[in-house]
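>>> Let's see this in three dimensions:
(chains A and B)
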Amino acid sequence: MMIYAKMKGFLKRDYLIESRYKLNFILNFVNSIFPVVSFFFVSKLINGSDAESLARYGGDYFSFALIGVAFTRFFQLAVDTFSGSIKRAQMAGCLEAILSSQTDSKTVVLFSSIYSFLTAGIQLIFMFLIGTLFLGFDFSNTNSLSLVVSLIISLFAFVSLGIFSAAGTVIYKQGEPIGWVFGAISALIGGAMFPVSIMPGWLQFCSKIIPTTYALDTIRLSVLQGYSIDMMGKELLILLLMSVILFPLSLRTFNWAVEKGKKDGTLMSY
Amino acid sequence: MTFPVPKRYVDYLLFRKNQYFYALDDINLNIADGDRVAFLGVNGAGKTTLLKLIGGLLYPSTGVIEVNQCDTIKENIKSRKNVGFVLNEERSFYWRLSGVENLEFFGVLDNLNGETLRYKIKELIRLVGLEGFEHKQVATYSSGMKQRLALARGLLRDPKILILDEPTRTLDPQAVQDVKMLISNKIHDDKQRTLLIATHRFDEAEELCNKVCIMKKGKLLACVPIQEIKAEYQNLESYYHSVMNEIEHII
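Alright, predicted model coming up:
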């Protein structure tokens, strides 16, 4: 019951603060339209030029890129939001007040990010709405169950990376490496804008160790080709393994970082 | 010798000094229930660090701190259960939220909810004298009002121990008087609360506390009841300077 009240408390706090910066809220939505439209025109330029690498996903570059860009953006947010909320609390001077309360640090970091997830989720839907209504994105082949399962498992993997990133922020302050590495790597080798199969062998090998590759692959296959869970069993299992290992590890790491900050006296510095 | 890279970078990499320092050294202190202790000392003496250690916001690198029989490291949340912390940081509130919205958020974090929380907030707003301003954004509050709000937040879970870190640091003389009255007449008077106050003000220590601890360079130089000081010295200020001078001589 109290957990629910705390979740509601964090949501209310973030909603009230965000609603008092209305322009920022609107601009975030407007910003999400640009990549959709950009990739629509890029697709007009390159459609059919390398149909072989796109065939696995139905052959249409716009559909391929929209899923890649929209979900990479969403997953990137999942990674950034935890460290962002810690950084904001540090800079606002509220982190100490929050951590002196009767709520443990893991709950604080998890609940601080719920609102960002919700708004990012709405932006994600908005991007697909634009793509579907005006630019010809097609959902007719979607296997909903596979999509939901892929999304949930993927989210756990990215939330874990996000919590690692928050732990990095507590320890390294600025220049936290996990979010940066994830952002740079996923955009390049995760297959957001082009199929992994067109990259050289060694880069394809590297792409196999990051969750973005599997997350985008399973989402694309379930949306564009209607693959069932069985048909993507291997990819989903790898994602699941990553999540099962990373999630508890990330929470422990964050706890350790906060304890270390308390011991070193660096928790509040930024 | 000429380095291919600036010497200071090589020094940084190879001979980096330990970035940590000991903020407190050899502190041994017992505080009884209902004590009102003022911690006096120059900036950097370790007053705030000591209060944060007692409040469980920092951990000791060695040694043990027990608050209500709970080790602040091993049972951190439990040890903080009866501790209210009034931070001296004006920015420790969400400025875009109103006073009530801030208290609601921090109240939920302290496991208060629903009608209990709403009643508590109403009571505290009245206690600290913020009636009429409770629904205004904290950004519009004066320093004195923020300090009052910080007191209200510190009292949300009705703590037995209230830690106040320089509660009047940024306030004008009238606001200082108001906050002192608030603490002595309303916050401490009717409850046997333990008060721990870090301050630079002798008048504050004399009016609000019954014990004084003097600190310098992380060491606790003295911890004496104010009555004993008054019996021997003209006032608290004379005692403070005599302790400081004595230590200067020894050093």
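>>> contacts, neighbours, all on C-alpha from now
OK.
>>> for chain A, what are the nearby residues on chain B?
Applying CA under 8 Å from any CA of the partner chain, one finds that chain B approaches chain A through B:20, B:55-61, B:77, B:80-81, B:85, B:87, B:89, B:91-94, B:96-97, B:101, B:104-106, B:108-111, B:113.
>>> Please spell out the ChimeraX selection for the buried subset of those.
Buried residues within the residues of chain B next to chain A, by 16 or more other CA atoms under 10 Å in any protein chain shown, are selected in ChimeraX with:
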select /B:55,56,57,58,59,60,77,80,81,85,87,89,92,93,94,96,97,101,104,105,106,108,109,110,111,113
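>>> any idea which helix or strand carries B:Val224?
If you go by DSSP states H and E, B:Val224 is part of strand B:219-225.
>>> what packs against that strand?
Judged by 3 or more CA pairs under 8 Å, 6 or more residues apart in numbering or on different chains; DSSP states H and E, strand B:219-225 is in contact with strand B:211-216.
>>> Okay, now the sheet partners of the strand it packs on, with direction.
Strand B:211-216 sits in its sheet next to strand B:36-40 (parallel), strand B:219-225 (antiparallel), going by DSSP bridges.
>>> Not counting it itself, show me its contacts.
With contacts defined as CA atoms under 8 Å, 6 or more residues apart in numbering or on different chains, strand B:211-216 is touched by B:35-42, B:44-47, B:205, B:220-226, B:240.
>>> Buried subset of the residues you listed, written for PyMOL?
Typed into PyMOL, the line below selects the buried ones among the contacts of strand B:211-216, using 16+ other CA under 10 Å:
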select buried, chain B and resi 35+36+37+38+39+40+41+45+46+47+205+220+221+222+223+225+226+240
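>>> Verify the stated contact: A:Leu203 with A:Ile189.
Yes - the criterion here is CA atoms under 8 Å, and A:Leu203 meets it with A:Ile189 at 6.9 Å.
>>> higher neighbour count, the two?
A:Ile189 (22 against 15; other CA atoms under 10 Å in any protein chain shown).
>>> Now that one: closest residue in space that isn't a chain neighbour?
Nearest residue to A:Ile189, sequence neighbours excluded (CA to CA, 6 or more residues apart in numbering or on different chains): A:Ser207, at 5.4 Å.
>>> how many neighbours does that neighbour have?
Neighbour count for A:Ser207, taken as other CA under 10 Å: 21.
>>> same check, this time on B:Thr62
9.
>>> Next one: it from B:Ile54, what distance?
Between B:Thr62 and B:Ile54 the computed distance is 14 Å (CA to CA, to the nearest Å).
>>> again, but for A:Ile17
Distance, A:Ile17 to B:Ile54, by CA to CA: 32 Å.
>>> Show me which of those two is the more surrounded one.
For A:Ile17 versus B:Ile54, the count of surrounding residues by other CA under 10 Å is larger for B:Ile54: 22 against 14.
>>> Kindly confirm whether my reading is correct that that one touches B:Ile73.
No - using CA under 8 Å, B:Ile54 is not in contact with B:Ile73, being 10.4 Å away.
>>> Bridge partners for the spatially most central residue of chain B, pull those for me.
The residue lying closest to the centre of chain B (CA atoms, centre = their mean) is B:Asp165, at 2.5 Å. B:Asp165 has these beta-bridge partners by DSSP bridges: B:Ala198.
>>> which residues in the stretch 101-250 of chain A form helices?
Counting by DSSP state H, counting those that start in this stretch, the stretch 101-250 of chain A has helices at residues A:105-111, A:114-135, A:144-172, A:177-189, A:201-207, A:211-224, A:233-264.
>>> need these in a markdown table with distance to A:Leu23 and mean pLDDT, can you?
What follows is these, written out as a markdown table (distance: least, CA to CA, whole Å; pLDDT from 0 to 100):
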| stretch | distance to A:Leu23 | mean pLDDT |
| --- | --- | --- |
| helix A:105-111 | 24 | 87 |
| helix A:114-135 | 15 | 90 |
| helix A:144-172 | 27 | 89 |
| helix A:177-189 | 26 | 73 |
| helix A:201-207 | 38 | 89 |
| helix A:211-224 | 31 | 93 |
| helix A:233-264 | 33 | 91 |
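>>> could you measure A:Val244 against B:Lys180, distance?
A:Val244 sits 54 Å away from B:Lys180, going by CA to CA.
>>> With neighbour numbers in mind, choose between these two.
Applying other CA under 10 Å to A:Val244 and B:Lys180 shows that B:Lys180 carries more neighbours, namely 20 against 15.
>>> hang on, the more buried one is in a helix, isn't it?
Yes - assessed with DSSP: H, G, I helix; E, B strand; the rest coil, B:Lys180 lies in a helix.
>>> Could you check how far it is from B:Asn88?
For B:Lys180, the distance to B:Asn88 - CA to CA - is 15 Å.
>>> got it, and B:Tyr240?
Distance, B:Tyr240 to B:Asn88, using CA to CA: 23 Å.
>>> contacting residues around the spatially closest residue to A:Ser160 that is not a sequence neighbour?
Closest residue to A:Ser160 apart from its sequence neighbours, by CA to CA, 6+ apart: A:Phe247 at 4.7 Å. Residues in contact with A:Phe247 (CA under 8 Å, 6+ apart) are A:Phe156, A:Ala157, A:Val159, A:Ser160.
>>> ok, now which ones touch the last one?
In this case it means A:Ser160. Counting by CA under 8 Å, 6+ apart, A:Ser160 has contacts A:Val79, A:Ser243, A:Leu246, A:Phe247, A:Pro248, A:Leu249, A:Ser250, A:Leu251.
>>> List, one by one, the residues from the stretch 1-150 of chain A near chain B.
Checking the stretch 1-150 of chain A against chain B by CA under 8 Å from any CA, the hits are A:2, A:5-6, A:9-10, A:13, A:16-17, A:20, A:92-104.
>>> try 6 Å
With the criterion set to CA under 6 Å from any CA of the partner chain, the stretch 1-150 of chain A comes near chain B through A:Lys6, A:Gly9, A:Ile17, A:Ala92, A:Gly93, A:Cys94, A:Ser101, A:Gln102, A:Thr103.
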